[in-house]
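Undergrad: please work out how this folds:
(2 chains)
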2 protein chains.
Amino acid sequence: MTSRAPRFGANYTPSAGWFHHWLDFDLDTVRRDFDGLADLGLDHVRLFALWPYFQPNRTLVRPRAVEQLLSMVDAAAERGLECSVDALQGHLSSFDFLPAWTQSWHGTDLFADPRVIEGQRSYLRTLASALAGRPGVLGMSVGNEFSQFANVAHPGYQALGTTAAHRWLGLMLEACEEGAPGLAHCHSEYDAAFFDPRHPFTPAATARQGAMTTIHSWVFNGTAQRYGGLSEESARLAEYLIELGRGWAVDPHRPLWLQEIGAPEPHVPETDAADFARRSVAHALDCEDVWGVTWWCSHDVSRALGDFPELEYSLGLIRNDRSHKALGRAFGELAGSVWKRPATRTTALLLEVGPENPDDGAAPHVPALAGPAVGAAGRATCAPGGGFFDAWMRLAKTGRRPAVVLSSRLPGTESGDAAYLAARGITDLLRPQDL
Amino acid sequence: MTSRAPRFGANYTPSAGWFHHWLDFDLDTVRRDFDGLADLGLDHVRLFALWPYFQPNRTLVRPRAVEQLLSMVDAAAERGLECSVDALQGHLSSFDFLPAWTQSWHGTDLFADPRVIEGQRSYLRTLASALAGRPGVLGMSVGNEFSQFANVAHPGYQALGTTAAHRWLGLMLEACEEGAPGLAHCHSEYDAAFFDPRHPFTPAATARQGAMTTIHSWVFNGTAQRYGGLSEESARLAEYLIELGRGWAVDPHRPLWLQEIGAPEPHVPETDAADFARRSVAHALDCEDVWGVTWWCSHDVSRALGDFPELEYSLGLIRNDRSHKALGRAFGELAGSVWKRPATRTTALLLEVGPENPDDGAAPHVPALAGPAVGAAGRATCAPGGGFFDAWMRLAKTGRRPAVVLSSRLPGTESGDAAYLAARGITDLLRPQDL
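TA: A predicted model of the protein is given here:
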């Protein structure tokens, strides 16, 4: 992964009808949208099925919806755009989409009910099977930030334990793999996994399950509010999350995908969006093993559609009428730039966590998928305003290029590994309290 | 209304894809389904839009969905089938369908939030406008049993007061009227309005708002469980609900529409369904002012679709493969029969209720839309197993053909009217406790 140029792409938001375009699918419109992205010099798109439209009944994954998806994949490939496909939407831009067969009188646990899980697996397997062998298909994703439905902040959230969350992810990824063996199947977590002590989906799940660690970097998560949208903290948020993700990984060179990053108004004014993109991407690509950067999003949401949070209307690289924006041109220039392979980070900040949890029968000294237990302090300290966050940012501003190392991986701990720091090339290990 | 033959029709459940057929709309399939209903001799169908498919965003009522609906209306008219169109589905066969813009992070009160109400009105007005002037259109309905979302039995129900419920109904019906003036616009209530003391939608709302009083008669409401699916009580349930509806009306000759009646297994075994239909329809049409009978439903649900309550798979007049059933043939024979205009019911059973509530500024002695206050006893006594229900059934079994009169309408009460009993032709008024 490290020897190739970083990939640049966009989260594809259809210019006509937003994701409701599936209801009035028009391939020519999609083609024109893709033309604009190819013109910017991008090389991939992330595509989003809408779950209730694709699987309106548990036993019906609509063949026509699958055909439409395949026609999109082909249209993208014709323009040199590879595709990654998210299935369980699930959640997009403040709107939730759940099929009737999981709701209300059929209300069952989205993560634990065997009937629902089999339905989800059937859906994922069906899409993956259809995509398998198609030119230009990178892989599937379980769904966009689906774990929001298990976060206590979500209206009507579903209580879930960490073990059950990991199990569910494993079952979903397995279904993708059954449908399309060998592709890069991922799951897409938002930063609650790293920051929110109440969230059942853990940093370890993010960094140890699926083919890549996906990073969603949004400065409206408190970073912009606390430090300013154009602050160093905001411009380095993606870099920080990437290093945090690497710190939680088992494989020191597991690839990371900056799968979502955007310039949300008013935190980032339109006139500063291009600069924000340049700074953010430069910092992010100063991390090793970054597969690529996928901007959110391709096209502004039409003002004719109501009820989106205000910032969602202006996140596009391209305007809704397909005219160009400075942001899109800047991102296109980044895509066309030559990127040096970044030097290994030799300085790391130590994140105190509990012991690695060998509950899944892994051999001693092999960190388990479950990862170390993370108590309230362990995650909250990583959030914007937390002690670890601030210490990492202070160190980064000195030019030290900090990585992150978990205390559970240190030699001398039960599951620590003497070779680990060497494999990562870490020579200076600092503690937040020492800064 | 009374001079014409009763109308016979079906609640149209598409044979392919159930109501998800809107996602894969195929007019030829619809035409073949309608052919089967026309062959039975039916004269109308009730059509159901699915709200989230028709209005996926508050400001987007999909033009193509409206066109598809119109093409269905035309296909029906070509076969001599008139149409009534329900918009806010809402609720169908145990499944709930609510657009994302009313749910979760956008969760707002379905009956009280001004933004949601304006969205609902815009949707109703758009459909009504499109249907206005179209041959064969009877009118709109607000939606199928939409008030279920305000019943405490519903998962995540929305608390609502009676006044707000009446106001909401008025606003919805007004939007239908604005779109298609003069058509028979209704709202479709289930029997909780008559039976459930906790339900904010009242019997008065059912019997006093909209062009007709709609009756949904389902023996699985406790009648079959308590008395048997083939009992006299079950066979007379529709008749009873119709007379109850007439009792709550202001206009003694307001038309009533038996909008839903079906023969649900196992309460009514398939071998008895035809007989159940004959008995139920004969009793229902022994009531005056019944506009028609619309069977639930046209076509069995395909076994290929999962998660329906078992009884929903076999409610059709026609099998899912379009083959005929004894039930359908029997209903067709009922449609082809000559029906005498029923004699006026001269015996009535008195339902004790509070005073008519003149809160809407109506003139004295003119019952208000709000109707009398109905306390817990007032509605529960009407439910299967309740004192009023049992008394009415006992009386009916003697051959006395009981009507229902509210105590609030009696001469001598504050809003009672001496002409009322005369207008209804009631000469014998009995009290339940006298039976």
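
Undergrad: every contact and neighbour count from this point should use C-alpha atoms.
TA: OK.

Undergrad: around chain B, which positions in the stretch 1-150 of chain A sit nearby?
TA: Residues of the stretch 1-150 of chain A lying close to chain B by C-alpha under 8 Å from any C-alpha of the partner chain are A:20, A:23-24, A:53, A:56-60, A:64, A:94-97, A:100-101, A:103-106.

Undergrad: switch the cut-off to 10 Å
TA: Contact residues, the stretch 1-150 of chain A versus chain B (C-alpha under 10 Å from any C-alpha of the partner chain): A:17-20, A:22-24, A:52-60, A:62-65, A:91, A:94-107, A:115, A:149.

Undergrad: which stretches of the stretch 301-435 of chain A form strands?
TA: Read by DSSP state E, counting those that start in this stretch, the stretch 301-435 of chain A holds these strands, from start to end of the chain: A:347-351, A:403-406, A:428-430.

Undergrad: with just CA atoms, put the longest one into CSV.
TA: These are the backbone C-alpha positions of strand A:347-351, laid out as CSV (Å, rounded to 0.1, in the frame of the first residue of the first chain):
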residue,chain,number,x,y,z
THR,A,347,7.9,9.9,18.2
ALA,A,348,4.7,8.6,19.8
LEU,A,349,2.4,9.7,22.5
LEU,A,350,1.4,7.0,25.0
LEU,A,351,-2.3,6.4,25.4
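
Undergrad: tell me the helices and strands packed up against it.
TA: helix A:237-248, helix A:387-397, strand A:403-406, strand A:428-430 (3 or more C-alpha pairs under 10 Å, 6 or more residues apart in numbering or on different chains; DSSP states H and E).

Undergrad: 6 Å instead?
TA: Secondary-structure packing of strand A:347-351 (3 or more C-alpha pairs under 6 Å, 6 or more residues apart in numbering or on different chains; DSSP states H and E): strand A:403-406, strand A:428-430.

Undergrad: the residues of the stretch 1-150 of chain A next to chain B in helices, which ones?
TA: Taking DSSP state H as the definition of helices, the residues of the stretch 1-150 of chain A next to chain B contribute A:Pro52, A:Tyr53, A:Phe54, A:Pro63, A:Arg64, A:Ala65, A:Arg115.

Undergrad: please produce a markdown table containing those, extended by neighbour count.
TA: Shown next, in a markdown table, are those (neighbours: other C-alpha atoms under 10 Å in any protein chain shown):
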| residue | neighbour count |
| --- | --- |
| A:Pro52 | 21 |
| A:Tyr53 | 22 |
| A:Phe54 | 24 |
| A:Pro63 | 15 |
| A:Arg64 | 12 |
| A:Ala65 | 21 |
| A:Arg115 | 15 |
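
Undergrad: which members of the residues you listed are the farthest-apart pair?
TA: Farthest apart among those by C-alpha to C-alpha are A:Arg64 and A:Arg115. That separation is 24.0 Å.

Undergrad: which other residues reach stretch A:68-79?
TA: With C-alpha atoms under 6 Å, 6 or more residues apart in numbering or on different chains as the test, stretch A:68-79 has contacts from A:Gly136.

Undergrad: show me how far that stretch is from its chain's centre.
TA: With C-alpha atoms, centre = their mean, to the nearest Å as the basis, stretch A:68-79 stands 22 Å off its chain's centre.

Undergrad: before we move on, what about stretch A:305-322?
TA: Counting by C-alpha atoms, centre = their mean, stretch A:305-322 comes out at 20 Å from the chain centroid.

Undergrad: then it to CSV, C-alphas only?
TA: Taking Å, rounded to 0.1, in the frame of the first residue of the first chain, the C-alpha atoms of stretch A:305-322 are listed here in CSV:
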residue,chain,number,x,y,z
LEU,A,305,-34.8,19.7,-0.9
GLY,A,306,-35.8,20.6,2.6
ASP,A,307,-34.8,19.9,6.2
PHE,A,308,-31.1,19.2,5.7
PRO,A,309,-28.8,20.8,8.4
GLU,A,310,-27.7,24.0,6.8
LEU,A,311,-24.1,22.9,6.4
GLU,A,312,-25.1,19.9,4.2
TYR,A,313,-26.1,22.2,1.4
SER,A,314,-22.6,23.4,0.7
LEU,A,315,-20.3,20.5,1.3
GLY,A,316,-19.9,19.6,-2.4
LEU,A,317,-16.7,19.7,-4.4
ILE,A,318,-19.1,20.7,-7.2
ARG,A,319,-22.2,22.9,-7.0
ASN,A,320,-25.6,21.4,-7.5
ASP,A,321,-25.8,22.9,-11.0
ARG,A,322,-22.5,21.2,-11.7
